[in-house]
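Enquirer: Got a predicted structure plus its sequence, pasted below:
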Amino acid sequence: GENVEQHPSTLSVQEGDSAVIKCTYSDSASNYFPWYKQELGKRPQLIIDIRSNVGEKKDQRIAVTLNKTAKHFSLHITETQPEDSAVYFCAASIGSSASKIIFGSGTRLSIRP
Amino acid sequence: GAVVSQHPSWVICKSGTSVKIECRSLDFQATTMFWYRQFPKQSLMLMATSNEGSKATYEQGVEKDKFLINHASLTLSTLTVTSAHPEDSSFYICSASRGMNSPLHFGNGTRLTVT
């Protein structure tokens, strides 16, 4: 069935360093890939998204890359700060009609001071 | 814009009772709303896709007679957990989007505890 795999499940980086989270998806028709940040007890918040007609997108310290051939997409956070600590989820739309969005298993990111 | 309101934020109920959760898109019309379930320290698992004016589409393994979904208008979808049991205790969260390939906007979620 359709699935999105996410790695690593936990990630600890020194403040100021970069963090990279990787995801793969199974549905070749997927064409929309959002990333969400969820802080403890709160709703997921969209931080960046990318569509299949673009290979890379950047917003300040956050960037996402997409390799449609390999069905890989990644989140890059540079110059990490303590407030970046949270759980990050990748997601992918399913089907050419993007009728639903399914999520990866999540990455718990911790920023060490 | 794109505010989604979910109510209640938490509820405690006894086994065998039913609980209704409301999800409203406050400043946009949502043809489609999605209901997710999240266990502690786990991902968001899609339960069903709620389409305005038609029956919901349930994911495999989700009992449609237990989790009743109604999407009566373009701004309101409800999830009713019928005959709740302790194993139904979880965090239920709805989301809505403006359309295909558009960001999902999430409600605050409802923490359900069944005693």
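Expert: Looks like it arrived, so ask away.

Enquirer: what about the closest residue in space to A:N3 that isn't next to it in sequence, how many residues close to it?
Expert: Nearest-residue entry for A:N3: A:S26, 5.2 Å, with adjacent residues in sequence omitted and distances by C-beta to C-beta, 6 or more residues apart in numbering or on different chains. For glycine as for every other residue, the C-beta is placed from the backbone atoms N, C-alpha and C. Using other C-beta atoms under 10 Å in any protein chain shown, A:S26 is surrounded by 14 other residues.

Enquirer: How about the contacts made by A:S26?
Expert: A:1-4, A:71 (C-beta atoms under 8 Å, 6 or more residues apart in numbering or on different chains).

Enquirer: Most neighbours among those residues, please name it.
Expert: Taking other C-beta under 10 Å as the neighbour criterion, A:V4 ranks highest of the contacts of A:S26 with 24 neighbours.

Enquirer: residues from chain B in reach of chain A?
Expert: Within reach of chain A by C-beta under 8 Å from any C-beta of the partner chain, chain B has these residues: B:32, B:34, B:36, B:42-46, B:49, B:57, B:60, B:93, B:100-101, B:103-109.

Enquirer: and if we set it to 7 Å?
Expert: B:34, B:43-44, B:46, B:49, B:93, B:100-101, B:103-104, B:106-109 (C-beta under 7 Å from any C-beta of the partner chain).

Enquirer: Serialize the residues you listed to TSV and add fields for secondary structure and neighbour count.
Expert: Output for the residues of chain B next to chain A, formatted as TSV (DSSP: H, G, I helix; E, B strand; the rest coil; neighbours: other C-beta atoms under 10 Å in any protein chain shown):
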residue	secondary structure	neighbour count
B:F34	strand	26
B:S43	coil	21
B:L44	strand	27
B:L46	strand	22
B:T49	strand	18
B:I93	strand	25
B:M100	coil	15
B:N101	coil	17
B:P103	coil	17
B:L104	coil	28
B:F106	strand	23
B:G107	coil	26
B:N108	coil	17
B:G109	coil	22
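
Enquirer: Need the residues that contact the helix or strand hosting A:T24.
Expert: According to DSSP states H and E, A:T24 maps onto strand A:19-25. The set of residues external to strand A:19-25 that reach it, using C-beta atoms under 7 Å, 6 or more residues apart in numbering or on different chains, is A:4-7, A:11, A:13, A:71-77, A:80, A:88, A:90, A:92, A:104, A:107, A:109.

Enquirer: Just the closest of the contacts of A:S26 to chain B, please.
Expert: Nearest to chain B among the contacts of A:S26, counting by C-beta to the nearest C-beta, is A:G1 at 7.5 Å.

Enquirer: quick one: that closest one and A:Y25, what's the gap?
Expert: Counting by C-beta to C-beta, to the nearest Å, the gap from A:G1 to A:Y25 is 12 Å.

Enquirer: Kindly report the same for A:E2.
Expert: Counting by C-beta to C-beta, the gap from A:E2 to A:Y25 is 8 Å.

Enquirer: How about B:H71?
Expert: B:H71 is 27 Å from A:Y25, by C-beta to C-beta.

Enquirer: Among the contacts of strand A:19-25, which ones are in strands?
Expert: Secondary structure from DSSP state E places A:4-7, A:11, A:13, A:72-77, A:88, A:90, A:92, A:107, A:109 of the contacts of strand A:19-25 in strands.
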